[in-house]
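In: next one to model:
(chains A and B)
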Amino acid sequence: MSDRPGAGADIVWQAGSPGLGAPAGTEWETVIGLEVHAELLTGTKLFSASPNAFGGEPNTQIDPVCLGLPGTLPVLNRHAVELAIRVGLALGAEVRPSVFARKNYYYPDMPKNFQISQYDRPINVGGSLELPSGKVVGIVRAHLEEDTGKSTHVGGGGRIDEAAWSLVDYNRAGVPLLEIVSHPDLRSAAEAREYVTELRATLLAVGASDGKMEEGSLRVDANVSVRPLGSAEFGTRCEIKNVNSLRSLGRAVEHESRRQIDLLSSGERVTQETRHWNEDTGRTSLLRSKEEATDYRYFPEPDLVPLVPDEAWIEQIRAELPLLPRQRRHRLAAATGQLPARVALVVERGQDELALAAGEAGAAPAAVLKHLEQNLADGTGRLTAPGLAELIGMEARAELSSNQVKEVLAEMVRSGESPAVVARRAGFEAVAAGELAAVVDGIIAEHPAEWQRLRTGDDRERKKMQGFFTGQVMRATKGQANGRDVAALLEDRAEA
Amino acid sequence: MSAAGPAAAIASAVRAGDRSAISAVEESLAAIDAAGELGAFNAVTAEAALARAGAIDRAVEAGEDPGPLAGVPVALKDNICTRGVPTTCSSRILEGWVPPYDATVVDLLGAAGAVIVGKTNMDEFAMGSSTENSAFGPTRNPCDPERVPGGSSGGSAAAVAGGLTPLALASDTGGSIRQPASLCGVVGMKPTYGRVSRYGLVAFASSLDQIGPMASTVGDAALLYSAIAGHDPLDSTSIPEPAGDLTGALAGDVDGLRVGVVSELCGDGIDGDVRARLDAAATALASAGAQVGEVSVPAAVFGLSAYFLIAPAEASSNLARYDGVRYGLRVPAPGAVDMNVATRTAGFGDEVKRRIMLGTFALSAGYYDAYYGKAQKVRTLVVRDFAAAYERFDVLLAPTSPTVAFRFGERTANPLAMYLSDVCTVASNLAGHPAISVPFGSGSDGLPVGVQVLAPALGEHVMFRAAAALERLLTGAQAPEGATEPVEAKP
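Out: As a prediction, this is how the structure comes out:
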């Protein structure tokens, strides 16, 4: 229910006309608020017993209630309420007694021609979401509603008005949704993407949704407006629908923002309307104007009683909440002495538990983060925290070259063995100190002219020649020599 | 207890093995067949009924008890869903639709041993007070075929009044059980909102609809009510506790019972004949020891206007699903919206369209507060006024209908005149309280007049007690010796 007429009471976008006749060279600021619909991970639908599952044969996951057959009545799914409360608590919202309402409009994939949603009394009110960057985005509300069926319009460009015929699949009808409405706190396409990424991670963490945008279990509508930088008032917003991926979100917001800036810069107005994002053309187009907006005639759903969750139940749900991505970032940041933003990638990859354990096993935090970020992007496999800590120790003691460290680490991910075992088997201990000295001396003897240049050349020349000799040594040892050891030997010989 | 009603008599005989269920059902089917000109039934399910009766007889032979309604033929208003049997709401728009499921009350009737014999005519989607709004033609009043049976449950009332079935189920949104009961001279009762499951009742106005019994005696009505009352997890508005049993209610005397006659429903707009019978009922109760007084319930009268905003508002939403997409009538047209419009234009009758428009308007942006919102506040006042009255009285007494049965066509030209038929009954729906209409003699032209006993929420026991007393007082029957005889006592 993204374009509720009454929602303006909650959402502070105001129609206005900043920018009219804006002087050339005006800098613009984009203002974005997002409405995210998340399908909740329940076993059954919001008001009936059909399975809530993606991808079944059309019209196989249905029952008299979700088809809205005459005489049927909704019965609220307790698990959906629990998941909604989990999300609310994760967002720091106030969980309130709520009332379901009917949102009345006609569409063939909506079985009753009204959607049971929540209107003036949603279950979750307020709250916020802290992004990895540290920015805090306000949440207006997060309310429960039922999903509609799915239409496929055949012919005529896929729109219902021009289609030759339409097929309707009611498997999705009645699937529980949580609509999470943000304040217009976002200022760029990148921030919008960051918000959705963080919200998705939070939904996954509390087990409320699988967050699959490609399957439509997470859907985003973007409200976009622009205003001259520094303006205190909001511009007139447009709502962008049909944004089906993070990439589309970024593109759609950028396109729409550009469109509005172009309008205002040329002295025209932005009109409040709903626009459709076309992924193929990379443009938004008018879906309906404000004047065409439906009067949804909301009224309290008489077939359901007010939803008043027990305080004890709410507290139990709160106590059972897992650590949220935000909390995990702060925890790892504290343990590593870094800023939360600095450790976000490791948390996003779910490697923070390993990082913390490796730190507890004695590894230097900076080295742990470096390996996780640079060498373990594809996952940590069977790597253990003590193993990682041991490897970092060997690296610090220069027992392995940096190439060897990478190879050993890759093998530890595969096998879960300790670094000592892996290094020994790979023969990485073979280039012992004496052996390396012999290799270095041999190469010096083979290249007297270059050696002379190293010894007598200026700084630049000396550096260049150091690189040359190091390269030769590495080639001779097939990269297994420790760079620091090679440098020390070269220095030692040069000073002799 | 006074003479058992026909339903209780059949059940007793069938359970005792003195009579076959088949014979009871055959008798009912024959009566329905003979009374075809009444137009009481939309569908008769003779074959299924006989098969079911046979199963009941075999159960009795096997020593099992088929239940308190063993072998009793029951008619269902045609807005109660029956698996495999068309459920039309007397509307063209549901043409061809066959429910794939049974209403909860249908399951409960089966569990009680009842035999459903058919579906009865009604005003389309229960909107009306004369059954003239049926798409399949009107039902005639068995007391006078030139007159309406009332509505919207005219078919169920006529079935019982004409002796076609001893029992019928109907629905009451603003008086649709009680008003036709009054006009046809039978008993009709609306339970407390939430006492009887609405699952499978095609919705008219969800916050007002209740299924209830129609019968020829108060005892039979209680018997049917007891079979269908109780909690249903499929209806979220169902009261989550068992319906208390009515033991003792039917035999209880009214000595000391405080009975308030609603003064606002005794004056202008109420026919002299009706007032006379109400006075007679009050006098009879007083003579039997009740403390009868007058009580003012001002909101009972404002109730009608609130009702005609709330009910259409809910109906406008409930009836939105009839769009030609999934079931029922479809009038082809180019484009989905055109098809919706063509289907609804052809499928709904005038009264249904009128109420959909009224309700749509009442819910519209800018009008919601003035209409729907205000009507809900009046509803709160109705509850408050009733609460005040029940501080002083155990039950209230009022007319059921302002007039006796009227002639066909008499009110169809003027919807407002038709709406006034509900003035005495809607307040109970707005408050969610139980009420029962009991025949109490007839007017000067010999047409039946019912009086209404109203009780507070969950007050079915005291309501039945007063209603049974009225029935005895009318017939001059003596109160039974024992006051503890259970409703379903075996002979």
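
In: return the backbone torsion pair for B:L329.
Out: Phi and psi for B:L329, reported as degrees, to the nearest 10, are phi -60, psi 140.

In: secondary structure class of A:I261, three-state.
Out: Look at A:I261: counting by DSSP: H, G, I helix; E, B strand; the rest coil, its state is helix.

In: what is the mean pLDDT for stretch A:182-197?
Out: Stretch A:182-197 carries an average pLDDT of 97.

In: end to end on that stretch, go ahead and measure it.
Out: Taking C-alpha to C-alpha, to the nearest Å, stretch A:182-197 runs 14 Å from one end to the other.

In: and for stretch A:298-318?
Out: Taking C-alpha to C-alpha as the criterion, the two ends of stretch A:298-318 lie 32 Å apart.

In: what do you get for stretch A:272-281?
Out: Stretch A:272-281 has its terminal residues 22 Å apart, counting by C-alpha to C-alpha.

In: do that stretch and chain B meet?
Out: No: judged by C-beta under 8 Å from any C-beta of the partner chain, stretch A:272-281 stays clear of chain B, getting no closer than 15.9 Å. To be clear about C-beta, it is placed using only N, CA and C from the backbone, and glycine gets the same treatment.

In: which residues of the stretch 201-350 of chain A fall in strands?
Out: Under the criterion DSSP state E, counting those that start in this stretch, the stretch 201-350 of chain A contains strands at A:218-228, A:238-243, A:273-278, A:283-289, A:299-300.

In: go on, chain B?
Out: Using DSSP state E, the strands of chain B run over B:41-44, B:73-77, B:115-120, B:167-172, B:187-190, B:210-215, B:258-262, B:291-295, B:395-399, B:435-442, B:448-454.

In: got those strands as CSV, with mean pLDDT, mean neighbour count and distance to chain A columns?
Out: As requested, the strands of chain B are exported to CSV (pLDDT from 0 to 100; neighbours: other C-beta atoms under 10 Å in any protein chain shown; distance: least, C-beta to the nearest C-beta, whole Å):
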stretch, mean pLDDT, mean neighbour count, distance to chain A
strand B:41-44, 98, 22, 15
strand B:73-77, 98, 30, 12
strand B:115-120, 98, 29, 13
strand B:167-172, 98, 31, 11
strand B:187-190, 98, 32, 17
strand B:210-215, 98, 29, 11
strand B:258-262, 97, 22, 26
strand B:291-295, 97, 17, 29
strand B:395-399, 98, 27, 25
strand B:435-442, 97, 26, 20
strand B:448-454, 98, 29, 22
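
In: for B:L309, find the nearest of those strands.
Out: When the strands of chain B are compared by C-beta to C-beta, strand B:167-172 sits nearest B:L309, at 18.5 Å.

In: show me what the closest one is packed against.
Out: Contacts defined by 3 or more C-beta pairs under 8 Å, 6 or more residues apart in numbering or on different chains; DSSP states H and E place strand B:167-172 against strand B:73-77, helix B:154-161, strand B:187-190, strand B:210-215, helix B:218-228.

In: what helices and strands are in contact with the second one?
Out: Right, the one you point to is helix B:154-161. Other elements packing on helix B:154-161 under the criterion 3+ C-beta pairs under 8 Å, 6+ apart are strand B:41-44, strand B:73-77, strand B:115-120, strand B:167-172, helix B:178-184, strand B:210-215.

In: export the ones you listed to CSV and tack on distance to A:I314?
Out: Converted to CSV, these look like this (distance: least, C-beta to C-beta, whole Å):
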stretch, distance to A:I314
strand B:41-44, 50
strand B:73-77, 43
strand B:115-120, 46
strand B:167-172, 38
helix B:178-184, 44
strand B:210-215, 34
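
In: could the strands of chain B go into TSV alongside distance to B:N414?
Out: TSV is the format used below for those (distance: least, C-beta to C-beta, whole Å):
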stretch	distance to B:N414
strand B:41-44	27
strand B:73-77	26
strand B:115-120	26
strand B:167-172	23
strand B:187-190	25
strand B:210-215	27
strand B:258-262	26
strand B:291-295	31
strand B:395-399	21
strand B:435-442	24
strand B:448-454	23
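
In: between the helices and strands packed on strand B:167-172, which gets nearest to A:A38?
Out: Across the helices and strands packed on strand B:167-172, closest to A:A38 is strand B:210-215 (C-beta to C-beta), at 37.8 Å.

In: on that earlier part again, just say which of the strands of the stretch 201-350 of chain A is most tucked in.
Out: Highest mean neighbour count among these (mean count of other C-beta atoms under 10 Å in any protein chain shown): strand A:218-228, with a mean of 25.

In: run the chain-centre distance for that one.
Out: 17 Å (C-alpha atoms, centre = their mean, to the nearest Å).

In: okay, B:G212 and B:A281: tell me how far apart.
Out: Distance, B:G212 to B:A281, by C-beta to C-beta, to the nearest Å: 21 Å.

In: mind checking which of the helices and strands packed on helix B:154-161 is nearest B:V297?
Out: Nearest of the helices and strands packed on helix B:154-161 (C-beta to C-beta): helix B:178-184, 16.6 Å.

In: could you export the strands of the stretch 201-350 of chain A as JSON lines, including mean pLDDT and distance to B:T343?
Out: Output for those, formatted as JSON lines (pLDDT from 0 to 100; distance: least, C-beta to C-beta, whole Å):
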{"stretch": "strand A:218-228", "mean pLDDT": "97", "distance to B:T343": "31"}
{"stretch": "strand A:238-243", "mean pLDDT": "94", "distance to B:T343": "28"}
{"stretch": "strand A:273-278", "mean pLDDT": "94", "distance to B:T343": "27"}
{"stretch": "strand A:283-289", "mean pLDDT": "90", "distance to B:T343": "24"}
{"stretch": "strand A:299-300", "mean pLDDT": "96", "distance to B:T343": "24"}
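
In: any chance of these in JSON lines, plus distance to B:G446?
Out: Conversion of the strands of the stretch 201-350 of chain A to JSON lines gives the following (distance: least, C-beta to C-beta, whole Å):
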{"stretch": "strand A:218-228", "distance to B:G446": "68"}
{"stretch": "strand A:238-243", "distance to B:G446": "67"}
{"stretch": "strand A:273-278", "distance to B:G446": "65"}
{"stretch": "strand A:283-289", "distance to B:G446": "63"}
{"stretch": "strand A:299-300", "distance to B:G446": "46"}
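
In: so what pLDDT did residue 374 get?
Out: All of this refers to chain A. Reported pLDDT for A:Q374: 90.

In: if you could check chain B rather than the one you did, that'd help
Out: At B:K374 the predicted local distance difference test score is 95.

In: okay, now it: neighbour count?
Out: Per other C-beta atoms under 10 Å in any protein chain shown, the neighbour tally for B:K374 reads 15.

In: surely B:A135 meets B:V352?
Out: No: taking contacts as C-beta atoms under 8 Å, B:A135 lies outside contact range of B:V352: 9.5 Å.

In: more neighbours: the two, which one.
Out: Taking other C-beta under 10 Å, B:A135 and B:V352 do not tie; B:V352 has more neighbours (27 against 21).

In: residues touching that one, list them.
Out: B:91, B:124-125, B:127, B:133, B:315, B:319 (C-beta atoms under 8 Å, 6 or more residues apart in numbering or on different chains).
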